[in-house]
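Q: pasting the sequence and the predicted coordinates here, then a few questions.
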Amino acid sequence: MHTDIKILTDEIIVLIEKVFDHTAKRFNGTAEEIVKRSTLQMGLVDELGLTYTKNVIKVETTNSSLKENSSVSMILTKKEAEEELIPLLCGRLLEIVKKYDDDPFMNIRFRAGLKLTLSDVEDETDYIILDYVSESKRKRLKENMDTYIETKVLSGKYPTKPLDTHFLRDHLLDKALFGALEVPRIIRIFDRIQELNKNNPNLFKEHIHNIIYGLNQWAENDFLPIYCEREKSSWKSVLFSLDGDYKITGLKPDAKISPEDISLIDLLIYTSILILKYEPNYSRGTGLDYLNYAAGLGFGKAKDILKTGSGLFAKEDIVYKDKGVECLANDVFAIFTIKIKEEEPGSYGRALDFIINLLKKGFPASYSIKLSSKVKNFLPVKHLGKSKTHQFFANAWQYAELWDKLEEYARIAIKEFEWYEDVEAEECAMPGTYAVFGLALSDKKYFPLLDHYLNVVDDEHQSVQTNFAKPFVEKWGIDSDTISLFIKCLMTGQGNETLKLGTFFQHVDHLKILAKEVAGMAKHDVAYVTYAIWGQKPEVEKSAKKAGMDLKPYFEIILNKLS
């Protein structure tokens with residue numbers, strides 16, 4: 001063996017021991033105290049990343065990182081790395097790790113990766129040099145898990161702790177611990193955890209996030225790489241990854257599911273359904289990808305889901321048909337298909353009932369409507385996308401007897417960070433937008449609904465509400481009822497252009513109300529509002545100079561706020 005390789009190994013081992021000591025000191029408490037939080041936590045440290053390149057050794061855990069210059073300056077060949085360095089390093093590291101078999105500092109499973117620059121390989125090369133499971137901890141964990149699952153989950157009657165779910169999902173999905181995954185049992189356990197925590201929305205959200213995160217990790221790192229290509233990803237940044245920094249791109253040529261993996265397809269489909277049901281709109285693509293992978297591997301259940309939906313809803317909820325209207329819903333693609341056969345309020349009312357019922361039962365909060373109708377109405381608001389979803393609500397808005405039902409729909413539909421799926425960019429709109437705008441232009445009794453909408457809307461990614469300000473004041477004018485809503489419309493926009501609304505404030509009563517409203521606002525907020533109305537400050541000053549004497553005191557108040 002090359003002498004320098006022995007020296008390099010010694011230096012790496014010394015640095016590993018330093019990192020372990022440094023890591024232990026960075027914990028908020030001792031390892032013994034920390035693992036008492038849950039009977040399912042066996043230890044703390046489970047990964048180690050090693051790098052040797054350009055004469056520098058770097059060692060890192062998820063809690064600590066150290067690097068030192070090596071006394072050895074060498075670039076190994078692939079053969080030297082695999083036949084000399086790695087076996088020697090593995091043996092030395094294993095000796096250290098085994099010392100922690102009964103110490104909660106080290107987790108039940110410990111993995112170490114090594115990144116090297118090799119003389120005869122173009123790119124940096126990743127190796128897994130150790131994947132160790134402590135037998136003593138495995139035995140204790142099995143006993144603790146069996147007890148927890150039986151008493152707290154399957155026979156449990158009370159909400160459970162999210163931290164327990166965090167550890168339980170990791171253990172259940174790690175075949176290195178207990179062999180092949182028992183998919184029906186895993187699904188039963190995850191479903192039961194959801195059932196136990198369903199009455200506490202915040203708690204439920206934590207549990208479902210834990211479950212979905214674990215299932216995603218299993219799919220991306222354990223299951224899909226068997227059947228799918230992996231491609232280096234430059235956008236993903238992680239401290240350390242044993243598998244390298246890769247993303248799943250597609251099925252391998254001639255990929256075919258193996259008999260022993262058939263049950264795992266059920267788990268992949270289960271994962272996709274949870275994502276589609278509970279995750280934000282930006283995660284839907286991942287859920288659909290999983291279904292497409294399963295379908296591509298020849299699994300009929302996935303193909304059926306892509307055609308008819310997830311199966312989470314009863315048939316009578318996703319299909320409705322009478323002489324006036326036909327409705328069909330697919331939660332996988334988040335599409336309501338609605339065919340209006342008789343253009344009358346009852347047809348739209350029953351379609352709204354169909355949508356409301358499904359939204360209440362957990363249909364994806366971001367969706368679109370595929371409409372078939374002979375009537376084509378749109379709201380009198382500029383820059384609203386002329387989509388089929390917009391058309392449906394504008395058609396329904398024509399019937400005053402449906403306004404209260406539209407409000408019921410809107411209050412269920414309004415959710416931050418969710419969007420109608422058939423409009424993009426500057427036309428993007430939060431669910432409920434078209435109903436809210438139509439109702440707020442129809443009757444002042446819907447002003448509280450508009451206020452609720454403006455309080456929820458994501459003003460960093462949506463600006464259509466700014467354009468609503470003009471038709472709103474054209475309809476209702478400026479008074480004590482409308483001024484706060486008018487300003488909210490302006491404040492929740494993105495301020496990209498002036499709306500040229502100065503003519504609305506040539507009346508002394510209107511300007512007086514505006515001046516009173518901005519008097520209590522911060523300077524930057526006043527600038528935002530005045531820009532939307534007149535433009536930059538010089539434009540406000542120009543309007544003030546042209547104004548009559550009765551308007552000047554109020555312009556002075558506004559200009560003082562801009563100074």
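A: Done, it's in.
Q: so Gly296 touches Leu251, yeah?
A: Yes: when contacts are counted by Cβ atoms under 8 Å, Gly296 is listed as touching Leu251 (4.8 Å). C-beta here means a position set from N, CA and C on the backbone, and glycine is covered the same way.
Q: buried sites along stretch 542-560?
A: Ser543, Ala544, Ala547, Leu551, Tyr554, Phe555, Ile557, Ile558, Leu559 (16 or more other Cβ atoms under 10 Å).
Q: which of those residues sits closest to Lys361?
A: Lys361 has its nearest neighbour among the buried residues of stretch 542-560 in Ile558, at 49.4 Å by Cβ to Cβ.
Q: now Ala365: how far from Arg284?
A: To Arg284, Ala365 is 10 Å away according to Cβ to Cβ, to the nearest Å.
Q: just checking, Arg230 is part of a strand?
A: Yes: according to DSSP: H, G, I helix; E, B strand; the rest coil, Arg230 belongs to a strand.
Q: grab the nearest non-local neighbour of it.
A: Tyr246 (4.0 Å; Cβ to Cβ, 6 or more residues apart in numbering).
Q: give me the pLDDT value at that neighbour.
A: pLDDT recorded at Tyr246 is 74.
Q: tell me where the protein has strands.
A: Here the chain has its strands, by DSSP state E, at 45-53, 56-60, 65-69, 106-116, 125-133, 228-232, 246-251, 319-321, 325-330, 335-340, 368-372.
Q: show the low-confidence segments of this structure, by residue range.
A: Filtered on pLDDT under 70, the chain yields the residue ranges 1, 233-245, 493-497.
Q: where is the longest helix in it?
A: Counting by DSSP state H, the longest helix found in the chain is helix 3-26.
Q: residues making contact with that helix?
A: 31, 45, 48, 50, 52, 57, 59-61, 63-68, 70-72, 74, 76, 80, 84-85, 88-89, 92-93, 96, 105 (Cβ atoms under 8 Å, 6 or more residues apart in numbering).
Q: the residue lying closest to Phe363 once chain neighbours are set aside: neighbour count?
A: Spatial nearest neighbour of Phe363, excluding adjacent residues (Cβ to Cβ, 6+ apart): Asp331 at 5.5 Å. Number of residues near Asp331 (other Cβ atoms under 10 Å) recorded here: 25.
Q: dihedrals phi and psi, Asp331?
A: The phi/psi pair for Asp331 (degrees, to the nearest 10) reads phi -80, psi -20.
Q: that one against Ser310, yeah?
A: Yes: between Asp331 and Ser310 there is a contact under Cβ under 8 Å: 5.3 Å.
Q: now the common contact residues for the two.
A: Leu276, Lys277.
Q: can you tell me the centre-most residue of this structure?
A: The residue lying closest to the centre of the chain (Cα atoms, centre = their mean) is Pro280, at 4.5 Å.
Q: tabulate the strands of the chain in CSV, adding columns for mean neighbour count and distance to Ser442.
A: As requested, the strands of the chain are exported to CSV (neighbours: other Cβ atoms under 10 Å; distance: least, Cβ to Cβ, whole Å):
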stretch, mean neighbour count, distance to Ser442
strand 45-53, 20, 59
strand 56-60, 18, 61
strand 65-69, 14, 61
strand 106-116, 21, 61
strand 125-133, 17, 62
strand 228-232, 15, 52
strand 246-251, 16, 48
strand 319-321, 14, 27
strand 325-330, 21, 23
strand 335-340, 20, 21
strand 368-372, 18, 21
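Q: beta partners for the residue nearest to Arg230?
A: Beta-bridge pairing of Tyr246 under DSSP bridges involves Lys232.
Q: any idea how far Ile412 is from it?
A: Distance, Tyr246 to Ile412, by Cβ to Cβ: 41 Å.
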